[in-house]
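Student: curious how this folds, go ahead:
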Amino acid sequence: MLVDDEPFNLYAIMLVLKASASSLGYSSSFIDDIVDQELSGTEAVRQVVENQKEYKLIITDLSMPIMDGYQTAIKIRQYFAENALN
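Tutor: You can find the predicted model right below:
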């Protein structure tokens, strides 16, 4: 999952991921299928909790309004600990 309050940053990171995937023989649509994008920490936490989705990697902006990247990570980790998930 990518979390950033700036849409351009999400776009730029996706471009890098797609270029990397392409160099490894994967299509860019592969990245679209496996990478979720959220515009706030609050939305990232909601995505994890409502969909009970486990992510192998979450890349987040540390400086976001309302809920920064640190708070987002803490909330997601608390959710997994409280629900006996990995």
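Student: how about the strands in the chain?
Tutor: For the chain, the strands defined by DSSP state E occupy 2-3, 37-38, 59-60.
Student: could you identify which of the ones you listed is most buried?
Tutor: Among those, strand 2-3 has the highest mean neighbour count (mean count of other Cβ atoms under 10 Å), at a mean of 24. For glycine as for every other residue, the C-beta is placed from the backbone atoms N, C-alpha and C.
Student: for residue 21, see how far away residue 61 is.
Tutor: 22 Å (Cβ to Cβ, to the nearest Å).
Student: as a markdown table, the strands of the chain with distance to residue 13 and mean pLDDT would be great.
Tutor: A markdown table is the format used below for the strands of the chain (distance: least, Cβ to Cβ, whole Å; pLDDT from 0 to 100):
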| stretch | distance to residue 13 | mean pLDDT |
| --- | --- | --- |
| strand 2-3 | 6 | 97 |
| strand 37-38 | 9 | 96 |
| strand 59-60 | 7 | 96 |
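Student: so for stretch 56-67, what gets flagged as buried?
Tutor: Across stretch 56-67, burial judged by 16 or more other Cβ atoms under 10 Å covers 58, 60, 61, 64, 67.
Student: contacts for that stretch, please.
Tutor: For stretch 56-67, the surrounding residues in contact (Cβ atoms under 8 Å, 6 or more residues apart in numbering) are 1-6, 9, 13, 40-42, 44-45, 68-70, 72-73, 75-76.
Student: could you report the neighbour count for residue 76?
Tutor: 21 (other Cβ atoms under 10 Å).
Student: that one reaches residue 45, doesn't it?
Tutor: Yes. Counting by Cβ atoms under 8 Å, residue 76 touches residue 45, with 6.0 Å between them.
Student: can you redo the strands of the chain as a markdown table with distance to residue 25?
Tutor: Converted to a markdown table, the strands of the chain look like this (distance: least, Cβ to Cβ, whole Å):
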| stretch | distance to residue 25 |
| --- | --- |
| strand 2-3 | 22 |
| strand 37-38 | 23 |
| strand 59-60 | 23 |
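Student: quick one: closest of these to residue 51.
Tutor: strand 37-38 (11.6 Å; Cβ to Cβ).
Student: who are the packing partners of the closest one?
Tutor: strand 2-3 (3 or more Cβ pairs under 8 Å, 6 or more residues apart in numbering; DSSP states H and E).
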